[in-house]
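> Next come a sequence and a model predicted from it.
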Amino acid sequence: MKPRNTTSEQLPEPTKSELEILQVLWEKGASTVRTVNEVLNEQRRDVNYSSTLKLMQIMLDKGLLTREINGHIHTYAPAHPQERMQDQVIRGVVDLAFSGSASSLVLRALGTGDTTPEELAEIKAFIQKMESSGGPTCPPI
């Protein structure tokens, strides 16, 4: 299947480490490098401050982050909403790993056995909503 391009503006492709930083910023809001680094060290793994700084500077250059400078304080924020970035990442995974088949992705994800009964009920309700409205809409996360 041919990869789909459903957005007029393609966002920069984030790496796994960049997605970890974006996740912190989406959860906490605009933050300094120190704050992001502390959260990464608490939640995920030990990361040097200088590594976090360098990666956030790269993300700024790539257009993944914005920066506001107030005196000596540099505050970074995601340049794009979480939902939009997630949509692009999912499209990339579907195109790259599942030959463009969203159903193959969903079936593989559900087939891992990690889905709770509550999540299955939520998925069923979402599918019913899609069928009754006549089209896909992204559920809130």
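Cool, the structure landed.
> I'd say Ser104 and Phe98 touch.
Yes. Counting by C-beta atoms under 8 Å, Ser104 touches Phe98, with 4.2 Å between them. All C-beta spots, glycine's among them, are computed from the backbone N, C-alpha and C.
> Pro78 reaches Met85, doesn't it?
Yes. Using C-beta under 8 Å, Pro78 is in contact with Met85, at 7.5 Å.
> can you list residues touching both of those two?
Leu22 (C-beta atoms under 8 Å, 6 or more residues apart in numbering).
> can you give me the helices in this protein?
16-28, 33-43, 49-62, 82-97, 102-110, 117-133 (DSSP state H).
> State the distance from Tyr49 to Lys62.
20 Å (C-beta to C-beta, to the nearest Å).
> got it, and Ser31?
Taking C-beta to C-beta, one finds Ser31 at 18 Å from Lys62.
> Quick check on the two: which one has the bigger neighbour count.
Ser31 (19 against 15; other C-beta atoms under 10 Å).
> That one touches Thr75, doesn't it?
Yes. Using C-beta under 8 Å, Ser31 is in contact with Thr75, at 6.6 Å.
> Domain parsing of this protein, as residue ranges.
16-78, 82-133 (automatic domain parsing).
> rank those domains by pLDDT, which is bottom?
When these are compared on mean pLDDT, domain 82-133 scores lowest, with a mean of 89.
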